[in-house]
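Engineer: sequence? don't have it. structure:
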């Protein structure tokens with residue numbers, strides 16, 4: 001784990017990118033420990049739905065890590081939905097979850113985020 005990594009700064013830098021709606025750090029239980037919605041934007045889901053989404057996402061990331069020894073570590077994963085682009089990035093012992101507009105480039109956006117977190 002990287003010592004003294006500033007997760008708030010990472011989330012803030014990502015939220016400042018064009019087209020990003022949400023950037024947050026999730027712990028191993030799916031609890032949001034840093035970050036959140038970009039100022040001035042409304043969430044598209046309820047708090048309860050967010051909690052379920054976060055728990056499911058963390059579980060999915062853990063399951064993917066089962067194949068790290070055979071396939072290499074996951075750098076990021078994404079899901080393109082009708083309304084948003086969701087991206088997850090393992091970061092130390094946490095998960096960085098980023099939500100952007102569905103029109104975001106699903107090649108350029110993750111690369112910019114990787115540059116911020118690496």
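Structural biologist: Cool, the structure landed. None of the values given here were measured: they were computed from a predicted structure. Numbering: from 1, shown residues only.
Engineer: What's the local residue count around the closest residue to residue 59 other than its chain neighbours?
Structural biologist: For residue 59, ignoring the flanking residues on the chain, the nearest one in space by C-beta to C-beta, 6 or more residues apart in numbering is residue 30 at 7.6 Å. (C-beta placed from N, C-alpha, C; glycine too.) Here the neighbour count serves as a burial measure; for residue 30 (other C-beta atoms under 10 Å) it reads 19.
Engineer: tell me which strands and helices the longest helix along the chain is in contact with?
Structural biologist: Counting by DSSP state H, the longest helix found in the chain is helix 47-65. If you count contacts as 3 or more C-beta pairs under 8 Å, 6 or more residues apart in numbering; DSSP states H and E, helix 47-65 packs onto strand 20-26, strand 77-80, strand 84-91, strand 94-101.
Engineer: do you know which of the ones you listed lies nearest residue 110?
Structural biologist: Taking C-beta to C-beta as the criterion, strand 84-91 is the member of these that comes nearest to residue 110, at 5.7 Å.
Engineer: what lines up beside that closest one in the sheet?
Structural biologist: Using DSSP bridges, the neighbouring strands of strand 84-91 in the sheet come out as strand 77-80 (antiparallel), strand 94-101 (antiparallel).
Engineer: Can you add mean pLDDT and give these back as TSV?
Structural biologist: Below are these laid out as TSV (pLDDT from 0 to 100):
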stretch	mean pLDDT
strand 77-80	94
strand 94-101	97
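Engineer: Nearest to residue 10 among those would be which one?
Structural biologist: Per C-beta to C-beta, nearest to residue 10 of these: strand 94-101, 7.1 Å.
Engineer: What angle do helix 47-65 and the closest one make with each other?
Structural biologist: Computed by axes from the mean of the first three to the mean of the last three C-alpha atoms, to 10 degrees, the angle separating strand 94-101 from helix 47-65 equals 120 degrees.
Engineer: quick one: low-confidence parts of this protein?
Structural biologist: Counting by pLDDT under 70, the chain contains low-confidence residues at 1-4.
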